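# What shape does this take:
(chains A, B, C and D)
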Protein chains: 2
Amino acid sequence: MSVQERKERERAERERLIVATARELAEQQGWDAVTTRRLAERIEYSQPVLYSHFRGKREIIGAVALQGAAQMAAEVRAATSRANSPRERVAALARAYLDFAARNPAVYDALFQLDGGLAYAQEDTPEPLKDAFAALLESLGEVAGDGVHPGLFTETFWASLHGLATLTRAGRLPPEDAAQRVELLVDRLAVV
Amino acid sequence: MSVQERKERERAERERLIVATARELAEQQGWDAVTTRRLAERIEYSQPVLYSHFRGKREIIGAVALQGAAQMAAEVRAATSRANSPRERVAALARAYLDFAARNPAVYDALFQLDGGLAYAQEDTPEPLKDAFAALLESLGEVAGDGVHPGLFTETFWASLHGLATLTRAGRLPPEDAAQRVELLVDRLAVV
DNA sequence: CTTGATTGTCTAGCGGTGCTAGGATCGAAT
DNA sequence: ATTCGATCCTAGCACCGCTAGACAATCAAG
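The predicted model follows:
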């Protein structure tokens, strides 16, 4: 038994290595640079080993996305927990969200731009994704305003943040006034 | 002279054919299916001909994007011109924008998701892109509210629409409540 | 009308991609 | 010690974006 257990441990360890390496490589050189050959070389195994852990590149992206979702949820909760008013909580959430997107662009892409083969907004949505949305809902739900469904409000606010994050990073919006845009968004959308 | 003119006409015509075919193929089967080989086959020329018109695939995407920007600007202006109040104009703009994104997903991707090698928000930004932003600014500027820069407001509102468009289409948001989210956005962001 | 240069287009191929079939190797269990 | 199954790698497929160089059509000059 012990032998088998050790093998399973090693296998799980190798899987973590693959995901961590993919993430690292993507952050360093972009997802285009994450080829199965380069990834295999970095983990010092041959290509087919990747396919014994994941169905393909898409699933590797998905694994990075799930990891990222958990991290983002944690960072958002940490930021909002330090705030004392609903208004301040929403502002902290927005800053934390955009900060995460800016500091982890590849992970953010894996989550919301690329196809990681994950289901979103459904019953079979993976737990980390549901929980990340829940982290947003916790702070945004309380400023939805009368007669507005908290979930719908959270979706809308989130979409706005997502738009800012992606357009800014893609060079479609000048980055100088980023803070002002966030302030405007919080001021107008949140009912406090 | 006339011979040379005819050749130039034919060349321009072929270039239009390339862009139109790329757009069509992208809308039908997605940008991944737009390979230089398939594109060449559809226009009934060999691959290298594409490279006598464009530096590479990226520039073809850029050409589709410019065409799309012009079309989007026109559709937005048509929609807003039919509205009679600032509030109604903003709502019409939002609907037209999201409608365009939903009906031309590949073109929308070329504009805002993919790398078409275009400069955004700069002096050397191509005219159609500047004009598309101007089309938004025309209607959004009048509801920015006191003390808020119209350009900054337009950027923020646009980013929110962009977030809704991309997240909805990527399956990150359930499509049923799309209209309610737009309404919420218009109600809260626009000062009327 | 023939020649020669120029222009236009094509065939073929380079190095890369994601992915997989099939053989070699290694370790556990008899 | 020998089998046998799991594990891993080599080699290769079809495809990608892109380009060099051969070839054919066209035109200007003699």
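# Can you tell me the number of residues neighbouring whichever residue of chain A sits closest to DNA strand C?
Across chain A, the shortest distance to DNA strand C (Cβ to the nearest atom of the strand) belongs to A:Gly56, at 2.7 Å. For the C-beta atoms, the positions are set from N, CA and C on the backbone; glycine is no exception. The burial count assigned to A:Gly56 is 12, neighbours taken as other Cβ atoms under 10 Å in any protein chain shown.
# wait, does the helix-or-strand element of chain A with minimal mean pLDDT contact chain B?
Sorting the helices and strands of chain A by mean pLDDT, DSSP states H and E puts helix A:2-29 at the bottom, at a mean of 90. No: judged by Cβ under 8 Å from any Cβ of the partner chain, helix A:2-29 stays clear of chain B, getting no closer than 15.1 Å.
# Stretch A:56-66 too?
No: if you take Cβ under 8 Å from any Cβ as the test, stretch A:56-66 misses chain B, and the best it gets is 11.3 Å.
# Restricting to C-alpha, output that stretch in CSV.
The C-alpha trace of stretch A:56-66 is given here as CSV (Å, rounded to 0.1, in the frame of the first residue of the first chain):
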residue,chain,number,x,y,z
GLY,A,56,-4.7,18.9,-23.2
LYS,A,57,-3.5,22.5,-23.0
ARG,A,58,-7.0,23.7,-22.4
GLU,A,59,-7.3,21.8,-19.1
ILE,A,60,-4.0,23.2,-17.9
ILE,A,61,-5.3,26.7,-18.5
GLY,A,62,-8.4,25.7,-16.5
ALA,A,63,-6.3,24.4,-13.6
VAL,A,64,-4.4,27.7,-13.5
ALA,A,65,-7.7,29.5,-13.6
LEU,A,66,-9.1,27.6,-10.6
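# quick revisit: which parts of the least confident helix or strand of chain A are buried?
A:Glu15, A:Ile18, A:Val19, A:Thr21, A:Ala22, A:Arg23, A:Leu25, A:Ala26, A:Glu27 (16 or more other Cβ atoms under 10 Å in any protein chain shown).
# Can you spell out which helices and strands pack onto it?
If you count contacts as 3 or more Cβ pairs under 8 Å, 6 or more residues apart in numbering or on different chains; DSSP states H and E, helix A:2-29 packs onto helix A:36-42, helix A:47-53, helix A:57-81, helix A:105-112.
# Now do the buried residues in stretch A:135-154.
A:135-144, A:148, A:152-154.
# Now do the end-to-end distance for it.
10 Å (Cα to Cα, to the nearest Å).
# Which residues outside that stretch are in contact with it?
A:72-73, A:76-77, A:80, A:86-87, A:89-90, A:92-93, A:97, A:133, A:157-158, A:189-192, B:177, B:180-181, B:184 (Cβ atoms under 8 Å, 6 or more residues apart in numbering or on different chains).
# Just to be sure, which of those residues are found in helices?
A:72-73, A:76-77, A:80, A:86-87, A:89-90, A:92-93, A:97, A:133, A:157-158, A:189, B:180-181, B:184 (DSSP state H).
# Return the members of those residues classed as buried.
A:72-73, A:76-77, A:80, A:86, A:89-90, A:92-93, A:97, A:133, A:157-158, A:189, B:181, B:184.
# ok, now how distant is A:Leu137 from chain B?
14 Å (Cβ to the nearest Cβ, to the nearest Å).
# brain fart, A:Ala73
Computed as Cβ to the nearest Cβ, the A:Ala73 to chain B distance reads 15 Å.
# so, if you compare the buried residues of helix A:2-29, which one comes nearest to B:Thr166?
The shortest approach to B:Thr166 among the buried residues of helix A:2-29 belongs to A:Ala26, at 19.7 Å (Cβ to Cβ).
# Spatially nearest residue to the closest one (excluding sequence neighbours)?
Distances taken as Cβ to Cβ, 6 or more residues apart in numbering or on different chains place A:Ala106 nearest to A:Ala26, at 3.6 Å, with adjacent residues excluded.
# Do stretch A:158-173 and chain B come into contact?
Yes: using Cβ under 8 Å from any Cβ, stretch A:158-173 reaches chain B at A:158-164, A:166-167, A:170-173.
# Next step: those restricted to helices.
A:Trp158, A:Ala159, A:Ser160, A:Leu161, A:His162, A:Gly163, A:Leu164, A:Thr166, A:Leu167.
# which non-adjacent residue is nearest the second one?
By the measure of Cβ to Cβ, 6+ apart, the closest residue to A:Ala159 outside its immediate chain neighbours is B:Gly163, 3.5 Å from it.
# That neighbour is in contact with A:Phe157, isn't it?
No: in this structure, B:Gly163 is not within contact of A:Phe157 by Cβ atoms under 8 Å, at 9.4 Å.
# what's the most distant pair in the buried residues of stretch A:135-154?
A:Ala135 and A:Val148 (19.4 Å).
# before we move on, back to that, among the ones in helices among the residues of stretch A:158-173 next to chain B, which ones lie close to DNA strand D?
The subset of these within reach of DNA strand D, by Cβ under 7 Å from any atom of the strand, is empty.
# Tabulate those residues in JSON lines, adding columns for distance to DNA strand C and pLDDT.
As requested, these are arranged in JSON lines below (distance: Cβ to the nearest atom of the strand, whole Å; pLDDT from 0 to 100):
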{"residue": "A:Trp158", "distance to DNA strand C": "29", "pLDDT": "98"}
{"residue": "A:Ala159", "distance to DNA strand C": "29", "pLDDT": "98"}
{"residue": "A:Ser160", "distance to DNA strand C": "33", "pLDDT": "98"}
{"residue": "A:Leu161", "distance to DNA strand C": "30", "pLDDT": "98"}
{"residue": "A:His162", "distance to DNA strand C": "26", "pLDDT": "98"}
{"residue": "A:Gly163", "distance to DNA strand C": "28", "pLDDT": "98"}
{"residue": "A:Leu164", "distance to DNA strand C": "30", "pLDDT": "98"}
{"residue": "A:Thr166", "distance to DNA strand C": "22", "pLDDT": "97"}
{"residue": "A:Leu167", "distance to DNA strand C": "27", "pLDDT": "97"}
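# Understood, closing this out.
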